[in-house]
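*Asks:* Coordinates only, no sequence provided:
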């Protein structure tokens, strides 16, 4: 029985890239104000990619339960230079589920993930595609060039998160890597075969391996509105990523238990030494209370960590769908339709 998967037949060359094409997956949530402008940029981008690489493109907008006019605007978008798919989820399932929905509905060979807030520069896409087609890379991921404009607390938190999630991991997740990345056809095929429902795309895209390259960039200012990712939501995503992809919290719990046991043992030896050398009994009430509070607090934290992992196991056992699609529409590229019509007329 074969326990692995052979995706070598899906390796990309410059000759096969044009036939495979590129799907651009854009999760959107309440992005009605800037969606039309983003689509104009993607149409221009698709025309450029067709001219330089002879690459056919499509965009897959995944509406993650928006409460504004995002869905109605997405329905009205024109397919000037690329195919347009609009996938509307039945409710807000979260970004990871929206990314998976876009991956499932992508019909071209390679897949690129972009945010819908306009901060991922469309001009950088040409460089990512060149790394894939001309450089032969399977995963081209982007990362912030620096975090100078962020607070020290946020920078320390980000560094601590990656240090913890990469602690003891065989396949490291690059620090500051974002969801803005391009996956070759065989990387897409590998990612689709991963069965877990609690997904962390940054980690999974690194775990599958293949040739990967980092591209640093400066995020553009938001085209509109303000981010919905506040501190508590970012903290929740961090916990979700840690418990979905890494066993580092469990290892940390074990290490902390060993340290506390060692400290208690040494403290006990010091008490015995003082009794034997001075003959005085050490007052035990303060040390007893402090010790009990410390051990009790650590136990509650560790029970919480175990609870997170047990919750993940329960979610996997239930095997519920990651998302439900309430509406799905497709528009073929008008430029391709006109070209095919012209070719048929000439042939007749």
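*Replies:* All right, it came through fine. The structure displayed is predicted, hence computed values, not measured ones.

*Asks:* Give me the nearest residue to residue 124, chain neighbours excluded.
*Replies:* In space, and not counting its chain neighbours, residue 124 is closest to residue 217: 5.5 Å by Cβ to Cβ, 6 or more residues apart in numbering. Using the backbone N, CA and C atoms, a C-beta is placed for each residue, glycine as well.

*Asks:* Does the one you found touch residue 128 like I think?
*Replies:* No - if you go by Cβ atoms under 8 Å, residue 217 and residue 128 don't touch, sitting 9.8 Å apart.

*Asks:* neighbouring contacts of the helix or strand containing residue 73?
*Replies:* In the assignment (DSSP states H and E), residue 73 maps to helix 70-75. The contact list for helix 70-75, computed with Cβ atoms under 8 Å, 6 or more residues apart in numbering, reads 28-32, 35-36, 61, 63, 86, 88, 327, 329.

*Asks:* can you list residues touching both of residue 217 and residue 128?
*Replies:* By Cβ under 8 Å, 6+ apart, the residues touching both residue 217 and residue 128 are residue 142.

*Asks:* out of those two, which sits in the more crowded spot?
*Replies:* residue 128 (22 against 18; other Cβ atoms under 10 Å).

*Asks:* returning to what we had before: buried residues in the helix holding residue 73?
*Replies:* 70-71, 73-74 (16 or more other Cβ atoms under 10 Å).

*Asks:* for the helix or strand just after it, what is the average pLDDT?
*Replies:* Counting by DSSP H and E, the element after helix 70-75 in chain order, helix or strand, is strand 83-89. Averaging pLDDT along strand 83-89 yields 89.

*Asks:* next one: stretch 30-45
*Replies:* 85.

*Asks:* Buried residues in that stretch, which are they?
*Replies:* For stretch 30-45, by 16+ other Cβ under 10 Å, it's 30-35, 38-39, 42-43, 45.

*Asks:* what's the distance between that stretch and the middle of its chain?
*Replies:* Put simply, stretch 30-45 sits 21 Å off its chain's centre (Cα atoms, centre = their mean, to the nearest Å).

*Asks:* Low-confidence ranges, the stretch 201-348 of the chain, go.
*Replies:* 219-248, 268, 271-272, 275, 279-291, 293, 315, 334-348 (pLDDT under 70).

*Asks:* which residues in it form strands?
*Replies:* Secondary structure of the stretch 201-348 of the chain (DSSP state E, counting those that start in this stretch): strands located at 212-217, 325-331.

*Asks:* Quick check: neighbours of the shortest one in the sheet, parallel or antiparallel?
*Replies:* In this case it means strand 212-217. If you go by DSSP bridges, strand 212-217 pairs up with strand 139-144 (parallel).

*Asks:* any idea how far the closest residue to residue 175 other than its chain neighbours is from residue 196?
*Replies:* Distance criterion Cβ to Cβ, 6+ apart; nearest residue to residue 175, sequence neighbours excluded, is residue 162 at 4.4 Å. Separation of residue 162 from residue 196 (Cβ to Cβ, to the nearest Å): 21 Å.

*Asks:* quick one, which of the two is more surrounded?
*Replies:* The residue with more neighbours, out of residue 162 and residue 196, is residue 162; 16 against 13, by other Cβ under 10 Å.

*Asks:* So for the helix or strand where that one lies, mean pLDDT?
*Replies:* Per DSSP H and E: residue 162 is located in helix 152-165. Taken as a whole, helix 152-165 has a mean pLDDT of 70.

*Asks:* Likewise for stretch 108-128?
*Replies:* Average pLDDT, stretch 108-128: 82.

*Asks:* what about residue 76, how many neighbours?
*Replies:* A count of nearby residues for residue 76, using other Cβ under 10 Å, gives 12.

*Asks:* what sits against it?
*Replies:* Counting by Cβ under 8 Å, 6+ apart, residue 76 touches no other residue.

*Asks:* Backbone dihedrals for it, both of them.
*Replies:* The phi/psi pair for residue 76 (degrees, to the nearest 10) reads phi -90, psi 0.

*Asks:* any idea how far it lies from residue 153?
*Replies:* From residue 76 across to residue 153, the span is 42 Å (Cβ to Cβ).

*Asks:* what does residue 327 give?
*Replies:* Residue 327 is 41 Å from residue 153, where distance means Cβ to Cβ.

*Asks:* And the contacts of stretch 26-36?
*Replies:* Residues outside stretch 26-36 that contact it (Cβ under 8 Å, 6+ apart): 38, 42, 59-70, 73-74, 77, 92, 95, 98-99, 102, 113-118, 223-225, 228.

*Asks:* Buried among those residues? Make that a ChimeraX selection.
*Replies:* Of the contacts of stretch 26-36, the buried ones go into a single ChimeraX selection, burial set by 16+ other Cβ under 10 Å:
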select :38,42,59,60,61,62,63,64,65,66,70,73,74,77,95,98,99,102,113,114,115,116,117,118,223
